[in-house]
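> what's the 3D shape of this:
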Amino acid sequence: MVLESGGIALDIPRVEARAFVVSAANHQITVLGTAFRVRIEPRPDREVLHVDVTRGTVQVARDDGSSRRVLGSGETWSTTVEPGLAPTASAPVIELPPSAAPPPRPAATVDGPKELLARATDARAQGRSKDAAAAFDQLRKRYRNDPRAGLAALELGRIRLDALGDAAGALEALDDALAIAPGAPLREDAEARRVDALDALSDPRCAAARTSYLGRYPQGVHAKTVRLRCTQR
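Next comes the predicted model:
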């Protein structure tokens with residue numbers, strides 16, 4: 001791939017005996033299977049080539065072979081180049097010798113639903129709403145069959161609506177809570193907060209959502225509040 005300007009993020013699967021190469025600003029970025037980003041930052045008197053590696057390993061080398069750098073997961077690299085320097089698509093790729101590769105990193109530990117729920121609860125108690133929302137979001141997306149997923153989606157909706165001022169995001173999470181656990185005890189709370197989100201968005205569906213909640217839970221704990229929503233629609 002030839003990158004002449006701007007930037008691109010790529011996630012390249014590993015294929016034995018094959019390499020993927022990005023040619024940019026007189027450099028070759030060689031990949032054997034990784035996620036990374038390459039961008040050319042224009043400046044008044046020069047350009048800066050940036051390479052950011054999210055996962056795996058890449059090799060960055062000048063077209064003339066005068067320099068080479070191996071980047072591992074989480075590493076970044078940049079260099080100043082002459083403005084308007086055209087990439088050379090046909091430049092040779094320097095093979096990466098095994099000795100140049102960084103040692104394998106230990107596999108990252110993936111938190112389970114219990115750990116994510118605990119992390120979200122702790123963050124919320126400490127007032128870190130964004131961190132709590134991120135943990136709830138991971139839980140409901142990564143473990144959709146877990147009995148805690150519906151609760152995570154509901155709590156995410158509450159945080160987005162009450163703490164982050166994101167009514168649209170709250171509506172998405174609350175709809176997901178109802179989809180994940182349609183018959184769970186949390187349904188009443190999810191439907192009531194969904195009315196709140198629709199009301200905040202001045203969404204024309206608000207009146208129908210209010211009617212649905214009151215029809216299902218006429219004596220519900222949120223009935224008094226729900227009756228006050230959508231009054232102008």
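> how does the chain divide into domains?
Domain ranges of the chain: 2-100, 113-227, per automatic domain parsing.
> pLDDT averaged over the longest one, what's the number?
This means domain 113-227. Taken as a whole, domain 113-227 has a mean pLDDT of 94.
> tell me which element residue 35 falls in.
Assigned by DSSP states H and E, residue 35 belongs to strand 34-42.
> in that strand, what's buried?
Across strand 34-42, burial judged by 16 or more other CB atoms under 10 Å covers 34, 35, 36, 37, 38, 39, 40. For the C-beta atoms, the positions are set from N, CA and C on the backbone; glycine is no exception.
> List just the nearest of those to residue 166.
residue 37 (26.3 Å; CB to CB).
> beta partners of that closest one?
residue 9, residue 52 (DSSP bridges).
> and residue 66, what pLDDT?
Residue 66 is assigned 70 on the pLDDT scale.
> Does it fall in a helix, a strand, or a coil region?
Of the three states, residue 66 takes coil according to DSSP: H, G, I helix; E, B strand; the rest coil.
> Run a quick neighbour tally on it.
7 (other CB atoms under 10 Å).
> how close does it get to residue 29?
Applying CB to CB, to the nearest Å, the value for residue 66 to residue 29 is 16 Å.
> Also residue 177?
Going from residue 177 to residue 29 by CB to CB gives 42 Å.
> quick one, which of the two is more surrounded?
Neighbours were counted for residue 177 and for residue 29 using other CB under 10 Å; residue 177 has more, 29 against 25.
> which residue sits closest to that one, ignoring its sequence neighbours?
residue 153 (3.7 Å; CB to CB, 6 or more residues apart in numbering).
> That neighbour: what's it in contact with?
The contact partners of residue 153, by CB atoms under 8 Å, 6 or more residues apart in numbering, come to 136, 140, 173, 174, 176, 177, 180, 190.
> So which bits of the helix or strand containing it are buried?
Following DSSP H and E, one finds residue 153 within helix 149-162. Neighbour-count burial for helix 149-162 flags 149-161 (criterion: 16+ other CB under 10 Å).
> can you check stretch 44-60 too?
Quick answer for stretch 44-60 (16+ other CB under 10 Å): 47, 49, 50, 51, 52, 53, 56, 57, 58, 59, 60.
> need those residues in TSV with secondary structure, distance to residue 217 and pLDDT, can you?
Output for the buried residues of stretch 44-60, formatted as TSV (DSSP: H, G, I helix; E, B strand; the rest coil; distance: CB to CB, whole Å; pLDDT from 0 to 100):
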residue	secondary structure	distance to residue 217	pLDDT
47	strand	61	83
49	strand	59	85
50	strand	54	83
51	strand	55	85
52	strand	50	84
53	strand	52	83
56	coil	51	78
57	coil	56	79
58	strand	56	80
59	strand	61	82
60	strand	60	83
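> With respect to residue 145, which of those residues is nearest?
Of all these, residue 145 sits closest to residue 56, with 29.5 Å by CB to CB.
> Would you mind finding the most buried of the domains of the chain?
Of the domains of the chain, the one with the most neighbours on average (mean count of other CB atoms under 10 Å) is domain 113-227, at a mean of 18.
> Any idea how far apart the tips of it sit?
End-to-end span of domain 113-227 (CA to CA, to the nearest Å): 35 Å.
> Now find how far off-centre it is within its chain.
20 Å (CA atoms, centre = their mean, to the nearest Å).
> Same question for stretch 222-233.
Once both centres are worked out by CA atoms, centre = their mean, stretch 222-233 turns out to sit 34 Å from its chain's centre.
> With stretch 1-11 instead?
Using CA atoms, centre = their mean, the offset of stretch 1-11 from its chain centre is 20 Å.
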